[in-house]
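*Asks:* sequence first, predicted coordinates after that:
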Amino acid sequence: MKFGKKSKLLIIPAMLASFGTITVAPITAQAWTDQTHMAIERAAGLSSYQNACAPDVSKTVSAINKLKKNDGQGHFFDASKPPTRKDVEEQLELIGMSRDDAPDGWILGGIINAVRKSKAWTEMGRFDDYNYAILGHYCGDLSMPLHMSVYDDFNRKHHLNVDQTLNRSDVKWDVDAVPLITKEMTVDDSVKFENEDQIIDYMLKIANESYDLAQVMRKENRELTHEEAIQRVNRSATFFRALMKYCGKKINNDEAVHYVTAAK
């Protein structure tokens, strides 16, 4: 099955409760824009990619209604040093904690937790599209350099502009920007995981790339280039696609994406 050139946009709030109790935190930085998150999940092959921004929607729902639960801390890691396996282990214990209890975030633990829950739902034959919307969103945030870096003055100043690096202002509907982004993307279809250890190793590779790039941007006092942004979202899409295969989720091909069978 291939995606058509256009897809109707229907945003459905994700059922974040399935990922455990999650506690409120003030909304600060977001991450990639909705256009970019949808492009990542579509390039990876998720048919319901239009739900990609649901985790960000849920944070706003919590904020405007003063709810006590959201997954805000699951979108970033304020890393002051290169992320390690120890960070993953520690963050798995932080799932559901608020900004007060987990100020540095827990995206690394959040991804592994989401993989476990998504795989379980798929194997049980349950409706799992929302699970993968969440997992794909976290994979997208993982590649955003400023989501793997301390939230200092530099991060605050440049965060929104970096979020919008790939955003298209020449479309009427955000969903119409998605194929314009995916046509620039390359996904390595040869990546496969046999176990969770392999997943953690690959995740940390992406996390460290993001961390290193953030340090370069800070040192050079600059923002992300378009080419760098494409390289980052390629990483996220490749990772998410491999995770869906590991979990047994059916995946599709986007005719605009360049799929390769060896790392480029």
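*Replies:* The structure has been received and is ready for your questions. Remember, it's a predicted structure, so these values are computed and weren't measured experimentally.
*Asks:* who touches the host helix or strand of Tyr202?
*Replies:* When elements are assigned from DSSP states H and E, Tyr202 belongs to helix 196-220. Contacts with helix 196-220, where a contact means C-beta atoms under 8 Å, 6 or more residues apart in numbering, come from 77, 79, 82-85, 88, 108, 111-112, 115, 142-149, 154-155, 158, 191, 193, 223-224, 228, 232, 235-236, 239, 242-243, 246. In this view, the C-beta of every residue, glycine as well, is placed from N, C-alpha and C.
*Asks:* buried residues, it. List them.
*Replies:* The neighbour-count check on helix 196-220 (16 or more other C-beta atoms under 10 Å) flags 199-200, 202-204, 206-207, 209-211, 213-214, 217-218 as buried.
*Asks:* then stretch 123-134?
*Replies:* Neighbour-count burial for stretch 123-134 [16+ other C-beta under 10 Å]: Asp128, Asp129, Tyr130, Asn131, Tyr132, Ala133, Ile134.
*Asks:* now do it, average pLDDT.
*Replies:* Average pLDDT, stretch 123-134: 97.
*Asks:* determine how far it lies from the middle of the whole chain.
*Replies:* 16 Å (C-alpha atoms, centre = their mean, to the nearest Å).
*Asks:* and that stretch, C-alpha only, in PDB?
*Replies:* Output of stretch 123-134 as PDB, limited to C-alpha atoms (Å, rounded to 0.1, in the frame of the first residue of the first chain):
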ATOM      1  CA  GLU A 123       0.400  -8.300  19.800                       C
ATOM      2  CA  MET A 124      -2.900  -8.300  21.600                       C
ATOM      3  CA  GLY A 125      -4.700  -7.100  18.500                       C
ATOM      4  CA  ARG A 126      -5.900  -3.900  20.100                       C
ATOM      5  CA  PHE A 127      -6.400  -0.600  18.300                       C
ATOM      6  CA  ASP A 128      -2.900   0.800  18.400                       C
ATOM      7  CA  ASP A 129      -2.700   3.800  16.100                       C
ATOM      8  CA  TYR A 130      -2.600   6.300  19.000                       C
ATOM      9  CA  ASN A 131       0.200   4.300  20.600                       C
ATOM     10  CA  TYR A 132       2.300   4.700  17.500                       C
ATOM     11  CA  ALA A 133       1.400   8.400  17.100                       C
ATOM     12  CA  ILE A 134       3.000   8.900  20.500                       C
END
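*Asks:* extract the CA atoms of stretch 247-262 and return them as CSV.
*Replies:* Coordinates of each C-alpha in stretch 247-262 appear next as CSV, following Å, rounded to 0.1, in the frame of the first residue of the first chain:
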residue,chain,number,x,y,z
CYS,A,247,6.6,-4.3,17.2
GLY,A,248,4.8,-6.0,14.3
LYS,A,249,3.0,-2.9,13.1
LYS,A,250,2.0,-2.8,9.5
ILE,A,251,3.9,-0.1,7.6
ASN,A,252,3.5,1.6,4.2
ASN,A,253,5.7,3.3,1.7
ASP,A,254,5.4,7.0,0.8
GLU,A,255,6.1,7.3,-2.9
ALA,A,256,7.9,10.6,-2.3
VAL,A,257,10.4,9.2,0.0
HIS,A,258,13.8,7.7,-1.0
TYR,A,259,14.0,4.3,0.8
VAL,A,260,17.5,2.8,0.8
THR,A,261,18.7,-0.6,2.1
ALA,A,262,22.1,0.6,3.4
